[in-house]
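S.K.: coordinates only, sequence not included:
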């Protein structure tokens, strides 16, 4: 029962499966992943980002590269060149230059005499470039530059909203992002006035798309951009879309009701963007596609009755008279198109089928990384008028790779242009199943199930089980490559399943991928019906003969950690289930003390309709749905993780729980991560999470 600082790194943990050496935490840590994928308009080139971690346990180093690929006439991969420490921005419309980012600076490479020149810096010195887009004439680039206000040293600090973040993270809140246009010939950068901060400036909600900050008109005379009137996290709904006339610097606001993701049509006649519900349960994030017609100044948006499948589309761009976007459907993420007429009316959407090379199959994986980031899917108008797509794709047993596709009509055929993680081809990953079980009112809940390989029915019936609860709640377990680990902290679920654990990952009420109504079904009920969805999943495992009722453990981080804290004191009384062990990170233990100490305190009112002081009934509900107020019943051995500088779930949440468990003499181990925020980004720290998790589960099972 001790607090362990994570700078004391553990030795690597190797997990041995039924057929020899299994998947290990070091295997997982040293996988590479794909970021943005951008084709050139002439079809000759592509650029994709690769993030990698190398080294050994306790001495891991993360890095990245932009890979520039030369394509043959048949569209196949010919040769590739690595630009270390850089990420792709995109090719110029004339395909004669390539922009990349390097440590916050914008660099440009020029193609001449059959070769690319060395990168040269074109952005203003001492300014961090957040996003960049080529002008239609290829002669300039629009960039957003971060502006950080550094406060003067003081003996005392008057508390205002942003100080909560600044004090915890020790980093000043950004004052906003500014729009500039860089002349590639002369190198001069001119400021373009905007409404508020360009893009999602400052401290934002990471669930919303961040990269589609602005888009050029076809004539290069104006730029559509998203803006934030405030850089504070509690004002996450304070965003909008505007168009600025570059010559005059005058902006016209198209929508300031939580709007973002603007995309000009290639002919400049229309602007597509998304708008979220500005009031009510905003954390559940219901988005509609809107189209602004430049000539008439009119706007039309997709209604609830004819919205997209999940009403959370991430826009990618235009293809003829169709808006392309990615969206989750169940556990998959697919490409969709919404047809728009000349008046801006959104007529009907359809899924765009993509033919992949074997062993991949269409529609059963995740395109674009799955976390609603527009940097993962790009649309480029080709020199001959078609749409060229760049994206990553993965499936549960096939590693993520980079792909290109040309959209012809309503379908596309993909070619693979990367070859990362070759070692995974020789490993036999567990084939998961999507399963369903009834929760209260017979509502069916989906989840992804891993069964250990080689076990008989009798052996499965006595196998230890893990129920992993994802973070969010407006997130989900998806059909991503399971070698990467889970969503949220990347718990090594593949390694645990190969070691003999049954693993169930529920998509409880509040999850994305099942429509707006399902995503909003946890309103006024965090820790109620959604908690029941998770626990009935555990009971379903036992009933199906997939687990021993005395060996069920729970893992969760963030909102999943909130579920862990609640389960440790209530699972026996609510569902007759005594948990064997618990692993929890970034834990929310008390909805009451969370208010005012988190960077997003307004979320409480968003889901609950008020705060604990609103009424005695509200206060009683929050206490009943908080794990700390049920800790008198807790007996489960618990492993805890928390970042010292976590502003989302302040470490005080875990301090409370740790003290209570120690006082009750419940076996508990508390590992903290100096310098870490909500989820450790340091590869050596996250390895500690994985290895400690495996050791704890083995110890108590």
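M.R.: Okay, I see it. What you see is a predicted model; the values in this text were computed from it and never measured.

S.K.: Every contact and neighbour count from this point should use C-alpha atoms.
M.R.: Will do.

S.K.: now the helices for the stretch 101-250 of the chain?
M.R.: 161-169 (DSSP state H, counting those that start in this stretch).

S.K.: now do the same end-to-end measure for stretch 225-244.
M.R.: 8 Å (CA to CA, to the nearest Å).

S.K.: residues of the helix or strand residue 61 falls within that come out buried?
M.R.: The secondary structure element spanning residue 61 is strand 59-71 (assigned by DSSP states H and E). Using 16 or more other CA atoms under 10 Å as the burial criterion, the residues of strand 59-71 that qualify are 60, 62, 64, 65, 66, 67, 68, 69, 70, 71.

S.K.: Name the SS class of residue 252, please.
M.R.: Going by DSSP: H, G, I helix; E, B strand; the rest coil, the secondary structure assigned to residue 252 is strand.

S.K.: and residue 124, what pLDDT?
M.R.: With respect to pLDDT, residue 124 has a value of 91.

S.K.: thinking again about what came up before, and the two most separated of the buried residues of strand 59-71?
M.R.: Distances among these were taken as CA to CA; the most separated pair is 60 and 71, at 33.4 Å.

S.K.: those helices in this protein, which residues are they?
M.R.: Secondary structure of the chain, counting by DSSP state H: helices at 25-29, 161-169, 457-461, 493-498, 516-519, 529-543, 559-575, 591-594, 602-608, 616-624, 652-663, 683-700.

S.K.: among those helices, which is nearest residue 585?
M.R.: Closest to residue 585 of these, according to CA to CA: helix 559-575, at 5.5 Å.

S.K.: For the stretch 201-350 of the chain, just list every one of the strands.
M.R.: Under the criterion DSSP state E, counting those that start in this stretch, the stretch 201-350 of the chain contains strands at 214-216, 222-228, 239-245, 250-255, 259-264, 270-276, 287-293, 298-301, 314-319, 322-329, 332-340, 346-351.

S.K.: now the longest one against strand 287-293, angle please.
M.R.: Put plainly, it is strand 332-340. Here strand 332-340 runs at an angle of 30 degrees relative to strand 287-293 (axes from the mean of the first three to the mean of the last three CA atoms, to 10 degrees).

S.K.: What helices and strands are in contact with strand 332-340?
M.R.: Using 3 or more CA pairs under 8 Å, 6 or more residues apart in numbering; DSSP states H and E, the elements in contact with strand 332-340 are strand 322-329, strand 346-351, strand 366-367.

S.K.: Of these, which stretch is the most buried?
M.R.: With neighbours defined by mean count of other CA atoms under 10 Å, none of the helices and strands packed on strand 332-340 is more surrounded on average than strand 366-367, at a mean of 28.

S.K.: Run through the chain and note the low-pLDDT ranges.
M.R.: 1-21, 73-78, 148-175, 200-212, 231-233, 304-306, 371-375 (pLDDT under 70).

S.K.: same thing but at 50, please
M.R.: The chain contains residues with pLDDT under 50 at 1-20, 202-203, 374.

S.K.: Return the residue of it that is most distant from the centre.
M.R.: Ranked by distance from the centre of the chain (CA atoms, centre = their mean), the top residue is residue 113, with 40.8 Å.

S.K.: so who does residue 195 touch?
M.R.: Residue 195 makes contacts with 227, 228, 229, 242, 251, as judged by CA atoms under 8 Å, 6 or more residues apart in numbering.

S.K.: Tally up the residues packed near the last one, please.
M.R.: Residues within reach of residue 251, counting by other CA atoms under 10 Å, total 20.

S.K.: you'd agree it is up against residue 194?
M.R.: Yes - between residue 251 and residue 194 a contact is recorded at 6.5 Å, counting by CA atoms under 8 Å.

S.K.: Could you tell me which residues touch both of those two?
M.R.: Residues touching both residue 251 and residue 194 (CA under 8 Å, 6+ apart): residue 244.

S.K.: hang on, the earlier thing: the strand holding residue 61 pairs with which strands, and in what direction?
M.R.: Strand 59-71 has the following strand partners under DSSP bridges: strand 45-56 (antiparallel), strand 77-84 (antiparallel).

S.K.: Out of the strands of the stretch 201-350 of the chain, which is closest to residue 403?
M.R.: With CA to CA as the measure, strand 332-340 is the member of the strands of the stretch 201-350 of the chain nearest residue 403 (13.3 Å).

S.K.: Residue 37 bridge partners, please.
M.R.: residue 48.

S.K.: circling back: from the buried residues of strand 59-71, which is closest to residue 541?
M.R.: Comparing every one of these with residue 541 (CA to CA), the shortest separation belongs to residue 60, at 37.0 Å.

S.K.: give the contact list for the residue lying closest to residue 293 once chain neighbours are set aside.
M.R.: If the residues on either side of it in the chain are set aside, residue 293 comes closest to residue 270, at 4.6 Å by CA to CA, 6 or more residues apart in numbering. If a contact means CA under 8 Å, 6+ apart, then residue 270 has 264, 291, 292, 293, 294, 344 as its contacts.

S.K.: where does the nearest residue to residue 63 once chain neighbours are set aside sit relative to residue 421, distance-wise?
M.R.: Among residues not flanking residue 63 along the chain, residue 52 sits closest, at 5.5 Å (CA to CA, 6+ apart). Here the distance between residue 52 and residue 421 works out to 10 Å (CA to CA).
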